[in-house]
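K.L.:
sequence and computational prediction follow.
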Amino acid sequence: MDYRKLFERFEDPRGFIKTTVRPSMDGTTKAALNRKGNTLFNAGNVEGAKRIFLTTGYSDGLSRVGDYYKSQGRPLDALRMYWAAPNHPKADPMIQQLSEIIRHFIYEEDIHE
């Protein structure tokens, strides 16, 4: 089975980007940025807040952005935020659902070959 062909139909240009290096910053700067992110989030600027939370690694903020995406019907974006948080209680059930979907497509592809 050509798995590359199977997954081509699901390509998303936004894909997952994993980075592990965050800029070093002192606690005061991080706290000020997180407050700014919270202000942006509460004002409805979720994308601006997300950029700050990703920069600082603020797990609670990332989880809230994930919750927002999930409520907007954007489960993959939500999963990205939960994974970055890391918030395993919210990410793991979504990963399980995705693995079931992938299993289904692989099984379906095997039947049609």
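P.N.:
It's in.
K.L.:
not counting its neighbours along the chain, what's nearest residue 95?
P.N.:
Take residue 95 and drop its neighbours on the chain: the residue closest to it by CB to CB, 6 or more residues apart in numbering is residue 79, 7.2 Å away. For the C-beta atoms, the positions are set from N, CA and C on the backbone; glycine is no exception.
K.L.:
and the longest helix belonging to the chain, what's buried?
P.N.:
Using DSSP state H, we find that the single longest helix of the chain is helix 88-112. Within helix 88-112, the residues that count as buried by 16 or more other CB atoms under 10 Å are 90, 91, 94.
K.L.:
returning to that earlier point: what helix or strand is the residue nearest to residue 95 located in?
P.N.:
For residue 79, the element it lies in under DSSP states H and E is helix 75-84.
K.L.:
quickly note the distance from the residue most central in space within the chain to residue 25.
P.N.:
Among the residues of the chain, the one closest to the centroid is residue 80, at 1.0 Å (CA atoms, centre = their mean). Distance from residue 80 to residue 25, counting by CB to CB, to the nearest Å: 23 Å.
K.L.:
and what of residue 87?
P.N.:
Taken as CB to CB, the span from residue 87 to residue 25 is 22 Å.
K.L.:
what's the answer for residue 84, then?
P.N.:
With the distance defined as CB to CB, residue 84 ends up 17 Å from residue 25.
K.L.:
try residue 76
P.N.:
29 Å.
K.L.:
ok, now residue 49?
P.N.:
With CB to CB as the criterion, residue 49 and residue 25 are 17 Å apart.
K.L.:
quick one, which of those two is more surrounded?
P.N.:
residue 49 (25 against 13; other CB atoms under 10 Å).
K.L.:
what about the closest residue to the more buried one other than its chain neighbours, how many residues nearby?
P.N.:
Residue nearest to residue 49 in three dimensions, not counting chain neighbours: residue 41, with 3.7 Å by CB to CB, 6+ apart. Residue 41: 20 surrounding residues under other CB under 10 Å.
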